[in-house]
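Participant: With the input below, show me the fold.
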Amino acid sequence: MNKDISLPKATGVYSPALRIGDWIYVSGQGPIDDRGNIVAGSFEDEMLLTLKNIQRLVEAAGGEVNRITKCTCYLSNIANFNKFDEIYGEFFRNAEVFPARTTVAAELDRIQIEIDAVAYVGKEIPIMIR
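Facilitator: Prediction:
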């Protein structure tokens with residue numbers, strides 16, 4: 001990973017992201033600052049910081065947001081789903097295809113959202129199957 005940029009610190013015993021060959025695996029990210037502190041705010045603010053953390057980790061590993069292939073998204077309140085879906089769509093607006101996604105309600109500790117992601121950095125172009 002590129003050590004020259006400030007990345008969110010792990011808050012437990014795990015790697016924030018791993019690159020293995022053409023794949024980048026990003027552990028669950030939330031609204032955490034570079035020192036590992038929770039940045040509580042509105043759902044929108046927490047989601048945008050969470051997505052920014054994912055972007056920074058993917059880019060540090062040599063990838064791009066538009067090559068994220070899969071996200072698993074955890075919402076503390078499923079009533080936020082419509083806001084979530086709107087922000088998510090805007091974040092991935094430049095992707096050739098939207099990532100595959102699972103979204104579930106989950107009991108989260110002091111945060112409203114957590115997202116993990118997988119990105120592909122190989123040469124093949126993702127194809128959406130309908």
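
Participant: the strands in the chain, which residues?
Facilitator: Assigned by DSSP state E, the chain shows strands spanning 17-20, 23-29, 68-75, 100-105, 113-120.

Participant: The last one vs strand 68-75, what angle?
Facilitator: What it means is strand 113-120. Between the axes of strand 113-120 and strand 68-75, defined by axes from the mean of the first three to the mean of the last three Cα atoms, to 10 degrees, the angle is 170 degrees.

Participant: so what strands line up beside strand 113-120?
Facilitator: Strands that pair with strand 113-120, judged by DSSP bridges, come out as strand 23-29 (antiparallel), strand 68-75 (antiparallel).

Participant: Tell me where this structure has helices.
Facilitator: Secondary structure of the chain, counting by DSSP state H: helices at 43-60, 81-91.

Participant: will you turn those into a markdown table that also has distance to Ile115?
Facilitator: (Each C-beta comes from the backbone N, C-alpha and C, glycine too.) Formatted as a markdown table, the helices of the chain follow (distance: least, Cβ to Cβ, whole Å):
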| stretch | distance to Ile115 |
| --- | --- |
| helix 43-60 | 6 |
| helix 81-91 | 9 |
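
Participant: Of the ones you listed, which stretch is the most buried?
Facilitator: Of the helices of the chain, the one with the most neighbours on average (mean count of other Cβ atoms under 10 Å) is helix 43-60, at a mean of 20.

Participant: Any idea how far it is from the middle of the chain?
Facilitator: 6 Å (Cα atoms, centre = their mean, to the nearest Å).

Participant: Contacts for it next, please.
Facilitator: 1-2, 5-8, 16-17, 24, 26, 29-33, 39-41, 64-65, 67-68, 77, 80, 83-84, 87-88, 91, 111-115, 117, 119 (Cβ atoms under 8 Å, 6 or more residues apart in numbering).

Participant: about what we covered before: can you list the strands paired with strand 113-120 in CSV and add mean neighbour count, mean pLDDT and distance to Ala95?
Facilitator: Formatted as CSV, the strands paired with strand 113-120 follow (neighbours: other Cβ atoms under 10 Å; pLDDT from 0 to 100; distance: least, Cβ to Cβ, whole Å):
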stretch, mean neighbour count, mean pLDDT, distance to Ala95
strand 23-29, 21, 97, 15
strand 68-75, 19, 98, 7
